[in-house]
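Asks: my questions are about this predicted structure, shown below with the sequence.
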Amino acid sequence: MKIAIIHYWLVSMRGGEKVLEALCELYPEADIYTNALWEEKISDRVKSHRIFTTFVNVLPRAKFWYQRYLFLMPLALEQLDLREYDLVISSESGPAKGVITRPDALHVCYCHSPMRYIWDLYPDYLKGKGFVTKNIMKLAFHYLRIWDVTSAARVDYFIANSNYVASRIKKYYRRESEVIYPPVEVERIAVSQKSGDYYLWVGQLVQYKRPDIAIEAFNRNGKKLIVIGEGEEGKRLKAIAHANILFLGKVADDELHTQMEGCKALIFPGIEDFGIVPVEAMAAGKPVIAFNRGGASETVIDGQTGILFDAQSPEALNKAIELFERKIALFDRARIRAHAISFSKAIFMAKIDAEVKRCLNI
């Protein structure tokens, strides 16, 4: 059986690429197709496969400007000749699922998220854009929405990375999906024996992740907060943060895991489709204080592996922190770690293998 894996773009090794890496391990003979490729930024596991690119990759500075070429990706994907493949697995977050397959081929889409920038986060992406850019985006995104819904009909089976994403697939595509949580490299993180005096926030400093809620909450409560990550909101947040908040910028994985092992708890006020960072923190045995929506509401067990709060505000976050500190002795590191292990790569691969075989009637 010949297998092709379609991934939206390959310019870094983030959560979506970790899923791709696991798929590569599961299907070592598969070929990979993508819109833009930055070979130096991807892992040896991914590079061990034959990688083909669409015409987007030859456009000027494609590995930097790939998002500017988003409106061309539907056309590019439809030019791919996939007739030799019996199984096509699309890894969808940007455009990937819109390929045209052989009539008797099976197309399974692992959906990290329907494209957020053309659906629920569309108003956020328009903010701050100039008149010309904003109107170009409105036209391009209108076309992309039509194509996105139409191309969903080309998929035989959807797999969602969380129940939250499954609900969005149902909303925008009117399709059912099986939920299989993505792989997290929990084995690389040791159970912490440390009891630090600080809280931790990790992620890109961008608006939708809501780092501003964490900054404002800790400005008010005076407790120590370490912030790891960088992004367009970084300069503004540093300007308003009090002395109890320390920004470390982007750090290597080993340093990130060290900070996780030393914190009291991870702060997670944003909405993510799944959210790998909370699972990594729990792998270190650390509780997570998270907004009760999106992937965190599925991965964090309220009162056992963390605290969930129901309003996306500094006030609600501070109330959750106060509750956590009253109950801190009740959180068992071994139990939290055991829960995190259920999101391991081995479990992901076994579930994907079983689901694909079910779809193939094997």
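Replies: That came through, no problem.
Asks: so Ser167 sits in a helix?
Replies: Yes - per DSSP: H, G, I helix; E, B strand; the rest coil, Ser167 lies within a helix segment.
Asks: look at it and report its pLDDT.
Replies: pLDDT recorded at Ser167 is 97.
Asks: measure it to Ile51 for me?
Replies: 33 Å (C-beta to C-beta, to the nearest Å). Placement of C-beta: from N, CA and C, glycine included.
Asks: so for those two, which residue has more residues nearby?
Replies: When neighbours are counted by other C-beta atoms under 10 Å, Ser167 and Ile51 differ, and Ile51 comes out ahead with 18 against 12.
Asks: run through the stretch 101-250 of the chain and note the low-pLDDT ranges.
Replies: For the stretch 101-250 of the chain, no stretch has pLDDT under 70.
Asks: show me the strands in it, by range?
Replies: Using DSSP state E, counting those that start in this stretch, the strands of the stretch 101-250 of the chain run over 106-111, 157-160, 177-179, 199-202, 225-228, 245-249.
Asks: what lines up beside the first one in the sheet?
Replies: Which is strand 106-111. Pairing partners of strand 106-111, with direction, according to DSSP bridges: strand 87-92 (parallel), strand 157-160 (parallel).
Asks: ranking the ones you listed by burial, who's on top?
Replies: Mean neighbour count, computed with mean count of other C-beta atoms under 10 Å, is highest for strand 87-92 among the strands paired with strand 106-111, reaching a mean of 25.
Asks: mind checking how far that strand is from the chain centre?
Replies: 17 Å (C-alpha atoms, centre = their mean, to the nearest Å).
Asks: and what of stretch 334-348?
Replies: Stretch 334-348 sits 18 Å away from the centroid of its parent chain (C-alpha atoms, centre = their mean).
Asks: neighbouring contacts of it?
Replies: With contact meaning C-beta atoms under 8 Å, 6 or more residues apart in numbering, stretch 334-348 is reached by 19, 22, 25, 180-187, 191, 279-280, 282-287, 299, 301, 304-306.
Asks: of those residues, which belong to helices?
Replies: Using DSSP state H, the members of the contacts of stretch 334-348 that fall in helices are 19, 22, 25, 279-280, 282-283, 299.
Asks: ok, so what distance separates the residue lying closest to Ser177 once chain neighbours are set aside from Ala152?
Replies: In space, and not counting its chain neighbours, Ser177 is closest to Phe158: 3.7 Å by C-beta to C-beta, 6 or more residues apart in numbering. Separation of Phe158 from Ala152 (C-beta to C-beta): 8 Å.
Asks: any shared contact partners between the two?
Replies: By C-beta under 8 Å, 6+ apart, Phe158 and Ala152 have these common neighbours: 173, 175.
Asks: surely Leu200 is in contact with Leu266?
Replies: Yes - taking C-beta atoms under 8 Å as the definition, Leu200 is a contact partner of Leu266 at 5.2 Å.
Asks: mutual contacts of these two, please.
Replies: Here Leu200 and Leu266 have 260, 281 as joint contacts, going by C-beta under 8 Å, 6+ apart.
Asks: longest helix in this protein, by number of residues?
Replies: The longest helix of the chain (DSSP H) is helix 131-152.
Asks: tell me, how many residues neighbour Arg293?
Replies: If we define neighbours as other C-beta under 10 Å, then Arg293 has 15 of them.
Asks: mind giving me the packing neighbours of the one helix or strand Leu77 maps to?
Replies: If you go by DSSP states H and E, Leu77 is part of helix 73-78. Judged by 3 or more C-beta pairs under 8 Å, 6 or more residues apart in numbering; DSSP states H and E, helix 73-78 is in contact with helix 131-152.
Asks: report the angle between the helix it packs on and strand 106-111.
Replies: Relative orientation of helix 131-152 versus strand 106-111 (axes from the mean of the first three to the mean of the last three C-alpha atoms, to 10 degrees): 140 degrees.
Asks: buried set for helix 131-152?
Replies: Buried residues in helix 131-152, counting neighbours by 16 or more other C-beta atoms under 10 Å, are found at 137, 141, 144-145, 147-148, 151-152.
Asks: now distance to Tyr122 too, for these, in a markdown table please.
Replies: Formatted as a markdown table, the buried residues of helix 131-152 follow (distance: C-beta to C-beta, whole Å):
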| residue | distance to Tyr122 |
| --- | --- |
| Met137 | 9 |
| Phe141 | 6 |
| Leu144 | 10 |
| Arg145 | 9 |
| Trp147 | 15 |
| Asp148 | 12 |
| Ser151 | 18 |
| Ala152 | 18 |
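Asks: which two among the residues you listed are spaced furthest apart?
Replies: Using C-beta to C-beta, the two most remote members of the buried residues of helix 131-152 are Met137 and Ala152, lying 21.9 Å apart.
Asks: domains of the chain?
Replies: By the record's domain assignment, the chain is partitioned as 3-183+344-359, 186-341 (automatic domain parsing).
Asks: appreciated, that's everything.
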